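**Student:** model the following, please.
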Amino acid sequence: MKPWLSQEYDQLFQQIHQHHYRVLTLAGASPQCGTSTQAFWLAQRLSQDQSKTLLIDLDLAGSGQGYPSAQWQCDGTEQSNAKIVINEHLDILPKPPQQTILALRQPQSLNQAFELWREQYQYIICDVGSINTANWRNLAVASLGYASDASILCLAAGKTTESDLLASVQRLEQSNINLIGTLINDRANPTLASEIQRVMNQKARWLPQFLKRKINQYLVTNPLLQGKYQ
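**Tutor:** You can find the predicted model right below:
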């Protein structure tokens, strides 16, 4: 199954396409809420349209895209050697060294980098990880917000607290960032099948064992109840 071909990502793609957004920032409302995975899926969906897409890993506080950092600079030096080619239309630029992050904090260097990327790519996705994580090495989301056309906030159902969500939205609004929506990671939520099994085991002990086995067999083989749907 390719999640980036789901109806949800298709709707997001249509919104991006209609508004002519080219540079997008994905930020997490809490740690480990799947921001990097969502950024990769979005990059995959954009590249499916045969549009040259660049995914930049700027998540210095988390695992990011999972590739070792590379020595690339804002002016394009070593970027061609650092890029990870996923397919004909999708490249990933791994985490930069600290000196590049310091340079990206300067508006002139940041604009220089994005001008270069805009010349080479139709879409640019910035994975910045959690914006509520205290990490002095991270590039401020406000800096990227000024350089990007739109931002998307990621959260994890059952993990991201209301206070984290509200604090993230407030931080984005204070920076005048164009927040176009949220992506919700429901991996931590129990599947409908597991909830039915839990209720059946607790409340329906009177059911015959052979009937329970049949119900359980149906639950574990039903893709919809297991959450395996597109």
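
**Student:** use CA for all of it now, contacts and neighbours both
**Tutor:** OK.

**Student:** could you identify the helix or strand that succeeds the lowest-mean-pLDDT helix or strand in the chain?
**Tutor:** None of the helices or strands of the chain scores lower by mean pLDDT, DSSP states H and E than helix 141-147, at a mean of 76. Once helix 141-147 ends, the next helix or strand along the chain (criterion: DSSP states H and E) is strand 150-156.

**Student:** could I get the average pLDDT for that next one?
**Tutor:** Across strand 150-156, the average pLDDT comes to 91.

**Student:** pairing partners for that strand, with directions?
**Tutor:** Sheet pairing of strand 150-156 (DSSP bridges) gives strand 23-28 (parallel), strand 179-185 (parallel).

**Student:** domains in the chain, by residue range?
**Tutor:** 3-185, 192-221 (automatic domain parsing).

**Student:** rewinding a little: which neighbouring elements make contact with the least confident helix or strand of the chain?
**Tutor:** strand 23-28, helix 107-120 (3 or more Cα pairs under 8 Å, 6 or more residues apart in numbering; DSSP states H and E).

**Student:** about what we covered before: what's the most buried one of the domains of the chain?
**Tutor:** domain 3-185 (a mean of 18; mean count of other Cα atoms under 10 Å).

**Student:** which parts of the chain are strands?
**Tutor:** 23-28, 53-57, 84-87, 90-93, 123-130, 150-156, 179-185 (DSSP state E).

**Student:** weakest of those strands by average pLDDT?
**Tutor:** strand 179-185 (a mean of 87).

**Student:** re earlier: pick out the shakiest of the domains of the chain, pLDDT-wise.
**Tutor:** domain 192-221 (a mean of 81).

**Student:** just checking, residue 219 touches residue 193?
**Tutor:** Yes - assessed by Cα atoms under 8 Å, residue 219 is found in contact with residue 193 at 5.4 Å.

**Student:** hang on, the earlier thing: as JSON lines, the strands of the chain with distance to residue 170 would be great.
**Tutor:** Output for these, formatted as JSON lines (distance: least, Cα to Cα, whole Å):
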{"stretch": "strand 23-28", "distance to residue 170": "13"}
{"stretch": "strand 53-57", "distance to residue 170": "24"}
{"stretch": "strand 84-87", "distance to residue 170": "34"}
{"stretch": "strand 90-93", "distance to residue 170": "29"}
{"stretch": "strand 123-130", "distance to residue 170": "14"}
{"stretch": "strand 150-156", "distance to residue 170": "12"}
{"stretch": "strand 179-185", "distance to residue 170": "11"}
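
**Student:** tell me which of those sits nearest to residue 40.
**Tutor:** Closest to residue 40 of these is strand 53-57 (Cα to Cα; 7.2 Å).
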